[in-house]
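Chemist: Compute the structure for the input listed below.
(one chain, ligands or ions: 1)
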Amino acid sequence: MDDTCRIVSSPSKMHKIAQQWTLTEQSIGVVATMGCLHKGHLSLIEEARKRTQKTVVSIFVNPLQFGQNEDLDTYPKPFERDLELCKKAGVDVIFHPKAVDLYPSSFQTKVDGGLLTKKYCGRTRPGHFNGVLTAVHILFELMKPTLAFFGEKDFQQSFLIKQMCRDLRLPTEILTMPIIREANGLAMSSRNTYLCPEQQETAACLFHAILSVQNAVKNGYTKTSELLSLTASLINHTPGMQLDYAHFVDLKTLLPLGDNINTSARLLLAAYIGDNPRVRLIDNGLISV
Ligand code: AMP
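Modeler: From the prediction side, this is the model:
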């Protein structure tokens, strides 16, 4: 595989490269990441390589999406390793801007995704999703990608990005890809690097809770309150784990389901593990009836 992979940090340079590709009718696929790449990211890159002629991976730890007591400063940044992975995967450009490149001191304008940015993960992380949407909107405006690839791991995030593209008439089509998991079921995440091997085993209880709910629904249990109690008890009875939230959401609206699951839905979960650092993990799964 051709391993020429340019690293671009200047937004105007990135814009020019993308404009040139568009002028020469080459389709552009974007994978937006915060780096510390793993197989989940690589699955998105692989799909972008299949579907578009040019692949850009952005690596940007976006300060706008971190709250005050979150891990912005300690977020892992193994750039050389990421570069090697991108080269091997056939990425054309890594867009790696500094925060000040995207948000100069004069920067004021933010995207607001409305009601849904305040629910689920947004309740625990106020401002998070608007920070994500603002950064993604800037990336999309710079590159005007044909396609952009996001993981179902961040289900609420990809829903909100699709909503932004629809509402603001952005021309980019959003494709979502399945969650890539470790052998024990734990959803891959850059934040798993905060966990010791034992915690990585414990944290797989999120996936096992999803499997238990899927099983219960298959066996005819459809009361959301009972299924949510089951989820909470499975997670909270795992030593070291503490549930942040569990919700069943409608696939079309992302709003909470009523008393009964009578149509396919998504179970969204977040939980904390450990004390120092206290790590917040998310997961989700399709619940089919
Ligand atoms: P992040 O670097 O965590 O911001 O993630 C960048 C992109 O990779 C997002 O679209 C995530 O949803 C996606 N992603 C992260 N983890 C996984 C995973 N385990 N499986 C699939 N996609 C993932």
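
Chemist: Give me the neighbour count for residue 81.
Modeler: 13 (other Cβ atoms under 10 Å). The way it works is simple: take the backbone N, C-alpha and C, and place the C-beta from them, glycine included.

Chemist: I should have written residue 59 there, sorry.
Modeler: 22.

Chemist: Repeat that for residue 12.
Modeler: The number of residues packed near residue 12 is 10, by other Cβ under 10 Å.

Chemist: where's it relative to the ligand, distance?
Modeler: 24 Å (Cβ to the nearest ligand atom, to the nearest Å).

Chemist: can you map out the strands along the stretch 51-200 of the chain?
Modeler: With DSSP state E, counting those that start in this stretch as the criterion, the stretch 51-200 of the chain has strands at 54-59, 93-95, 147-151, 173-177.

Chemist: For the ligand, which of the ones you listed is the nearest?
Modeler: Counting by Cβ to the nearest ligand atom, the ligand lies closest to strand 147-151 out of these; the figure is 2.2 Å.

Chemist: list the helices and strands that closest one packs on?
Modeler: Secondary-structure packing of strand 147-151 (3 or more Cβ pairs under 8 Å, 6 or more residues apart in numbering; DSSP states H and E): strand 28-33, helix 39-51, helix 155-167, strand 173-177.

Chemist: Next, format these as JSON lines and append mean pLDDT, mean neighbour count and distance to residue 207.
Modeler: Listed next are the helices and strands packed on strand 147-151 as JSON lines, based on pLDDT from 0 to 100; neighbours: other Cβ atoms under 10 Å; distance: least, Cβ to Cβ, whole Å:
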{"stretch": "strand 28-33", "mean pLDDT": "98", "mean neighbour count": "26", "distance to residue 207": "22"}
{"stretch": "helix 39-51", "mean pLDDT": "98", "mean neighbour count": "19", "distance to residue 207": "14"}
{"stretch": "helix 155-167", "mean pLDDT": "98", "mean neighbour count": "20", "distance to residue 207": "14"}
{"stretch": "strand 173-177", "mean pLDDT": "98", "mean neighbour count": "17", "distance to residue 207": "17"}
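
Chemist: can these go into JSON lines with extra columns for distance to residue 99?
Modeler: JSON lines is the format used below for the helices and strands packed on strand 147-151 (distance: least, Cβ to Cβ, whole Å):
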{"stretch": "strand 28-33", "distance to residue 99": "15"}
{"stretch": "helix 39-51", "distance to residue 99": "20"}
{"stretch": "helix 155-167", "distance to residue 99": "20"}
{"stretch": "strand 173-177", "distance to residue 99": "24"}
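
Chemist: where does the stretch 101-250 of the chain come near the ligand, residue by residue?
Modeler: Within the stretch 101-250 of the chain, the positions near the ligand by Cβ under 6 Å from any ligand atom are 150-151, 153-154, 177, 179-180, 187-190.

Chemist: just the residues you listed now: which is nearest residue 209?
Modeler: Closest approach to residue 209 among these (Cβ to Cβ): residue 187, at 12.2 Å.

Chemist: List buried residues within the residues of the stretch 101-250 of the chain next to the ligand.
Modeler: Neighbour counting with 16 or more other Cβ atoms under 10 Å marks 150-151, 153-154, 177, 179-180, 187-190 as buried within these.

Chemist: what bits of the chain have low per-residue confidence?
Modeler: Counting by pLDDT under 70, the chain shows low-confidence ranges at 1-3.

Chemist: Would you mind finding the longest helix in it?
Modeler: Selection of the longest helix in the chain by residue count, based on DSSP state H, yields helix 128-143.

Chemist: Residue 8 against residue 93, yeah?
Modeler: Yes - using Cβ atoms under 8 Å, residue 8 is in contact with residue 93, at 5.5 Å.
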